[in-house]
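S.K.: next come a sequence and a model predicted from it.
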Amino acid sequence: MHFLSTPLLEQHDVDAIVESLSFDSTLWRDGSLTAGEFAAAVKKNKQLDPKSPAMVSGVDLVTKKLIANPLIKSFSLVKRVHSIMFSKCEEGDGYGWHVDNPFSKYGRRDLSFTIFLSDLSDYQGGELSIQLSQESCDIRLPPGQIFLYPSTALHCVQTLTSGTRLVCVGWIESYVPSSEDRLLLFNLEAAARSLLARHGRSDELDLIYQSYVNAIRRLSG
């Protein structure tokens, strides 16, 4: 599985962020201004002013939570978290099918993430849709949950039919650029941790960890 969904923010964190985002409506900007040439034509949302105090404190909190989360660290092999934004969609807003640019001025985009902030009852529509080989999957998660996926994926935000959808989005530059290689390493480490918990340390397990670490070294870019 190239995708990961897990709780990231506590409810009090979500409440604090949402309250700060609602403080001043004039701090929201046209989201198409930060999209690439082709994506801008299908993007209709608002994004928080990057210089606002709410933005600065929110980015700091999200970055710390991401870096400290063991599951995300194992899945993503995080080198850098960057380009974090807070986005708001209201009735009629959405973001058509697109692929994220491979780079920003802050780093390479290996994984994209969405942190859901609004209660599910606060809006209808607005699913994050990821295109698979023959179908798409629709993601709509409770507040505080994060969804990570390869930045190579074709995806969209479905049009909101009612309410307001608040999310935090951003990107991760990984030590290992390939999503296939990251998945292999993630599964290898998960199996090693399970063996350690079940049977304790052994010479064989030391060899597995040695292979895991050296595989990261070889596959890193």
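M.R.: That came through fine. Residues are numbered from 1 along each chain as shown.
S.K.: C-alpha from now on. contacts and neighbour counts both.
M.R.: OK.
S.K.: quick one: terminal-to-terminal distance for stretch 95-109?
M.R.: Chord length of stretch 95-109, first to last residue, is 19 Å (C-alpha to C-alpha, to the nearest Å).
S.K.: doesn't residue 213 belong to a strand?
M.R.: No. According to DSSP: H, G, I helix; E, B strand; the rest coil, residue 213 belongs to no strand; its state is helix.
S.K.: count the residues that sit near it.
M.R.: A count of nearby residues for residue 213, using other C-alpha atoms under 10 Å, gives 13.
S.K.: dump the longest helix anywhere in the chain to PDB, restricted to CA.
M.R.: Looking across the chain with DSSP state H, the single longest helix is helix 179-199. This file holds the C-alpha atoms of helix 179-199, laid out as PDB (Å, rounded to 0.1, in the frame of the first residue of the first chain):
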ATOM      1  CA  SER A 179       7.600   5.100  -3.600                       C
ATOM      2  CA  GLU A 180       8.200   1.400  -4.400                       C
ATOM      3  CA  ASP A 181      11.500   1.400  -2.500                       C
ATOM      4  CA  ARG A 182      10.000   3.200   0.500                       C
ATOM      5  CA  LEU A 183       7.200   0.600   0.600                       C
ATOM      6  CA  LEU A 184       9.700  -2.200   0.500                       C
ATOM      7  CA  LEU A 185      11.700  -0.700   3.400                       C
ATOM      8  CA  PHE A 186       8.500   0.100   5.400                       C
ATOM      9  CA  ASN A 187       7.400  -3.500   5.200                       C
ATOM     10  CA  LEU A 188      10.900  -4.800   6.000                       C
ATOM     11  CA  GLU A 189      11.100  -2.600   9.100                       C
ATOM     12  CA  ALA A 190       7.600  -3.500  10.200                       C
ATOM     13  CA  ALA A 191       8.400  -7.200  10.000                       C
ATOM     14  CA  ALA A 192      11.600  -6.700  11.900                       C
ATOM     15  CA  ARG A 193       9.800  -4.800  14.700                       C
ATOM     16  CA  SER A 194       7.200  -7.500  14.900                       C
ATOM     17  CA  LEU A 195       9.900 -10.200  15.200                       C
ATOM     18  CA  LEU A 196      11.700  -8.200  17.900                       C
ATOM     19  CA  ALA A 197       8.500  -7.800  19.900                       C
ATOM     20  CA  ARG A 198       7.600 -11.500  19.600                       C
ATOM     21  CA  HIS A 199      11.000 -13.200  20.000                       C
END
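S.K.: and the protein, what are its domains?
M.R.: 4-174, 179-219 (automatic domain parsing).
S.K.: for the first one, what is the average pLDDT?
M.R.: Taken as a whole, domain 4-174 has a mean pLDDT of 96.
S.K.: tell me the SS of residue 55?
M.R.: Recorded secondary structure, residue 55: helix (three-state DSSP).
S.K.: so what's it up against?
M.R.: Neighbouring residues of residue 55 by C-alpha atoms under 8 Å, 6 or more residues apart in numbering: 48-49, 85-86.
S.K.: just put these in TSV and tack on distance to residue 67 and neighbour count.
M.R.: Converted to TSV, the contacts of residue 55 look like this (distance: C-alpha to C-alpha, whole Å; neighbours: other C-alpha atoms under 10 Å):
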residue	distance to residue 67	neighbour count
48	23	21
49	24	17
85	17	20
86	18	25
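S.K.: returning to what we had before: show me what the longest helix of the chain is packed against.
M.R.: Helix 179-199 sits against helix 70-76, helix 203-219, with contacts defined as 3 or more C-alpha pairs under 8 Å, 6 or more residues apart in numbering; DSSP states H and E.
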